[in-house]
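[1] Have a look at this prediction, sequence included:
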Amino acid sequence: MDLLVSARPGRGCTVVGVRGDLDMATSPRLQNSLQELIDAGDRRVVVDLAGVGFMDSSALGALVVTYKALREAGGRLALAAAGPGVRYVLSITSVDQVIELYDSVEAAEAAEA
């Protein structure tokens, strides 16, 4: 499945929707999209993971790189709506201890507003 990445204005943040599998082939596209937002001045980003069925270590790396870049710029990265499989990967790698994870995009937006 191809990776689809979209961005829209949210409440106090930019919401990045991701659909497809995040693996070694597609993670660079996600990281580039997120970096473009940072370069354009976005400082609060919520990544909507509801459409992601699979995530590997390269995707985790892309998210951590983005988290660090936003933190250094005085911003914040949050993750939202991860399904059980993705949530498990975030949990066993302890990424969910570093990057805030919300049950829904609405909850993440409320925290940013």
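    Happy to help now that I have it. Model, not experiment: these values are computed from the prediction.

[2] I'd guessed Ala82 sits against Leu90; true?
    Yes: in this structure, Ala82 is within contact of Leu90 by Cβ atoms under 8 Å, at 6.3 Å. No exception for glycine: its C-beta is placed from N, CA and C like everyone else's.

[3] which residues are in contact with both of the two?
    The contact sets of Ala82 and Leu90 overlap at Leu101 (Cβ atoms under 8 Å, 6 or more residues apart in numbering).

[4] Tell me the gap between stretch 52-66 and the middle of its chain.
    Centroid displacement of stretch 52-66 relative to its chain, using Cα atoms, centre = their mean, to the nearest Å, is 8 Å.

[5] now stretch 16-24
    In terms of Cα atoms, centre = their mean, the centre of stretch 16-24 is found 9 Å from the chain centre.

[6] swap in stretch 46-66?
    With Cα atoms, centre = their mean, you get 6 Å for stretch 46-66.

[7] do the same with stretch 59-68
    Using Cα atoms, centre = their mean, the offset of stretch 59-68 from its chain centre is 8 Å.

[8] Could you give the number of residues near the nearest residue to Ser27 once chain neighbours are set aside?
    Closest residue in space to Ser27, ignoring its immediate chain neighbours: Ser58 at 4.1 Å, by Cβ to Cβ, 6 or more residues apart in numbering. Using other Cβ atoms under 10 Å, the number of residues around Ser58 comes to 17.

[9] element containing Ser58, please.
    For Ser58, the element it lies in under DSSP states H and E is helix 57-72.

[10] What is that helix packed up against?
    helix 27-39, strand 44-51, strand 76-80 (3 or more Cβ pairs under 8 Å, 6 or more residues apart in numbering; DSSP states H and E).
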